[in-house]
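Q: Take this sequence and fold it.
(one chain, ligands or ions: 1)
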Amino acid sequence: MVNNEFFRECVSLMKKNGIDSAYFDTKCIFEDFPEDNEKIFSLVKKRASGYPLQYLLGQWEFYGYPFRVNEDVLIPRADTELLIENVVDICRKNNLSSPKIADLCSGSGCIAVTLKKQIPSAEIYAVEISEKAVEVIRENAVLNDVEINIFHADVLESETVKKLPELDIIVCNPPYLTQEEMDGLQKEVTFEPPSALFGGTDGLDFYRKITALWKNSLLKNGWLLYESGDGQHKDIKNILGKNNFYNITFSRDLNHIIRNVTAQKQEDK
Ligand code: GLN
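A: Numbering: from 1, shown residues only. Just a heads-up that it's a prediction; the model follows:
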């Protein structure tokens, strides 16, 4: 049983500093660091200053699996679980039993690793530009006991495309925040790597470049699935259309915001 007085003191310190999830966050910290009040209090103070809970704990859940996280990677979001559902659906409906799937801008590797967990016969390729993030992906593959192919490479380089085989599916949660959004980030998000968030002035740089560069690595009728920012889906649809993708569909996250754009590569190049 935790020391109630101390617990309440921690919750109220967080509350005073505007942390809405003060009770939950305090509970998580107490659970992870039992009987070390000094450590607990230093973490509570850090959380009260706006530092993300997930980095303090060093681990976070995505699709029911544990993932190591640190300041080198974007924190896995529940919204991103939609991408997993959509890929799993596509594989099931189209009888893709051992698909080749690339996860571009892999970050913590939460998408790549989860896909391997859900589709064990798939061949998964995770591509990530940050060397420190690549270390996190490796850790997460080991933590979840899966084998995936990890490439430390820039997804915007044509050399990278050549290193991968022809693919059934490309999935990508690119940096997509606009300059305006970067200027008004929630305190917690300011601790995440800007390189994982900023998608250029209009937020669409990665969609434009990745679509044009990677379309030829997809097999005929292969799928490209993007996570998208709030309100970006029409622009992304346009980009996909210009690059000869068809069957462009949208799907919504738990907040009913369109969060995924899915498309198929045209049969004749
Ligand atoms: N969804 C993230 C946010 O709201 C952004 C992640 C991204 O750019 N891919 O902060």
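Q: What are the contacting residues of stretch 45-55?
A: 13-14, 16-17, 19, 21, 25, 28-29, 56, 60, 69-71, 75, 187-188, 190-192 (CB atoms under 8 Å, 6 or more residues apart in numbering). The C-beta positions use only the backbone N, C-alpha and C, and glycine is treated the same way.
Q: I'd like the next helix or strand past whatever helix or strand Ile170 lives in.
A: Using DSSP states H and E, Ile170 maps to strand 167-172. Next in sequence after strand 167-172, counting helices and strands by DSSP H and E, comes helix 179-183.
Q: Go through that following helix and flag the buried ones.
A: By 16 or more other CB atoms under 10 Å, the buried positions in helix 179-183 come out as 181-182.
Q: by contact count, what packs against it?
A: Helices and strands touching helix 179-183, as assessed by 3 or more CB pairs under 8 Å, 6 or more residues apart in numbering; DSSP states H and E, are absent.
Q: is that helix anywhere near the ligand?
A: No: legend: contact between helix 179-183 and the ligand by CB under 6 Å from any ligand atom is lacking; minimum distance shown is 7.9 Å.
Q: for that helix, the distance to its chain's centre please.
A: Put simply, helix 179-183 sits 19 Å off its chain's centre (CA atoms, centre = their mean, to the nearest Å).
Q: Close to the ligand: what parts of the stretch 51-200 of the chain are there?
A: Contacts of the stretch 51-200 of the chain with the ligand, taken as CB under 6 Å from any ligand atom, map to 74, 77, 173-177, 189, 197.
Q: Let's have the residues you listed in a markdown table, adding distance to Asn247, pLDDT and neighbour count.
A: Below are those laid out as a markdown table (distance: CB to CB, whole Å; pLDDT from 0 to 100; neighbours: other CB atoms under 10 Å):
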| residue | distance to Asn247 | pLDDT | neighbour count |
| --- | --- | --- | --- |
| Leu74 | 29 | 98 | 20 |
| Arg77 | 26 | 97 | 15 |
| Asn173 | 21 | 98 | 26 |
| Pro174 | 21 | 98 | 21 |
| Pro175 | 26 | 98 | 20 |
| Tyr176 | 22 | 98 | 25 |
| Leu177 | 28 | 98 | 19 |
| Val189 | 33 | 98 | 17 |
| Leu197 | 29 | 98 | 18 |
